[in-house]
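Peer 1: fold the following.
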Amino acid sequence: MKDENLIIDSIRKKKYSQDCFVNFKNCDSLIIAMDIALKYGLKKDLPISEELLETMLAENRKIKVKQIAYKYANYKPRTEKQVIQRLKQNEFTDDDIQFALGFLKKFNLINDEKYAVAFLTELLRKKPSGKKVALNELLKKGISSKISKETIDAYFPDEQTSEMALRAAEKKMRMLRHKEPDKQKKSLISSLQKRGFDWLTIRETVSIVLPEDVSNKPDDDSENL
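Peer 2: Below you'll find the model as predicted:
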């Protein structure tokens, strides 16, 4: 669209959409929201300057980025990072993305603090884990280090850490009941390590689930938990 002024040849609504096709007499065309077409009174034979065209395209991007962001965030809870990644896949500019984030935050459609609490609650319900694993899972979702640590501190007092470890151990033991005691202990310790529990918690938990003496120190491959 290099003409100084474009002349509209026709306007046609796009099926199953709130957009319309704007066709110009030089055979160029564009798709914009009907709201924009109505706002600027677009009609046949109307000349469109380059400045007006750029203004309409900018406004159209704002509408599109809000629509995509809203649909993505409203489908299920999302983090701010997840929304940014999705919008970048659609090749929106940084300014457009920040505009969309502001829109979502205004209507409380994204809130990383609430997301972190809900995600952690569900994680602990499905997969009892230690602080280390829970923190890593939050960070993977794009939650900031500050919010992640604050959420972990609130949901992992020492007594809950022990409860989480015991739940994880009891679940694991149901799968180990046919193994020999030594193999049960080794597998249980390994499982709790992978769940991110510290050695003191593991030691206390194993002593409850397998009431026998447990070494004061982990095996060589259990150090540096």
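
Peer 1: contacts, neighbours, all on C-alpha from now
Peer 2: Fine.

Peer 1: report the secondary structure state of Glu122.
Peer 2: Under the three-state scheme (DSSP: H, G, I helix; E, B strand; the rest coil), Glu122 adopts helix.

Peer 1: which one is Leu192 nearest to, not counting chain neighbours?
Peer 2: Ile202 (6.5 Å; Cα to Cα, 6 or more residues apart in numbering).

Peer 1: the one you found reaches Ile189, doesn't it?
Peer 2: Yes. Between Ile202 and Ile189 there is a contact at 6.7 Å, judged by Cα atoms under 8 Å.

Peer 1: give me the neighbour count for the residue nearest to Leu192.
Peer 2: 24 (other Cα atoms under 10 Å).

Peer 1: same check on the one 3 residues further on?
Peer 2: Residues within reach of Thr205, counting by other Cα under 10 Å, total 24.

Peer 1: and for Ile147?
Peer 2: Ile147 has 18 nearby residues by other Cα under 10 Å.

Peer 1: next one: Gln67
Peer 2: Counted with other Cα under 10 Å, residues neighbouring Gln67 total 12.

Peer 1: how close does it get to Lys183?
Peer 2: The gap separating Gln67 from Lys183 is 55 Å, by Cα to Cα, to the nearest Å.

Peer 1: ok, back up a step: so the residue nearest to Leu192: helix, strand or coil?
Peer 2: Classification of Ile202 by three-state DSSP places it in helix.

Peer 1: ok, it - contacts?
Peer 2: Ile202 sits next to 165, 189, 192-193 when contact means Cα atoms under 8 Å, 6 or more residues apart in numbering.

Peer 1: equivalent analysis for Gln98, please.
Peer 2: For Gln98, the contact set (Cα under 8 Å, 6+ apart) is empty.

Peer 1: avg pLDDT for the helix or strand where it lies?
Peer 2: Taking DSSP states H and E as the criterion, Gln98 maps to helix 94-106. Averaged across helix 94-106, the pLDDT comes to 96.

Peer 1: when you give positions from now on, start the count at 4
Peer 2: Will do, 4 is the new start, and the previous item becomes helix 97-109.

Peer 1: list the buried residues in it.
Peer 2: The neighbour-count check on helix 97-109 (16 or more other Cα atoms under 10 Å) flags 99-100, 103-104, 106-107 as buried.

Peer 1: out of those, who's nearest Ala121?
Peer 2: Proximity of the buried residues of helix 97-109 to Ala121 (Cα to Cα) peaks at Leu107, which lies at 18.3 Å.
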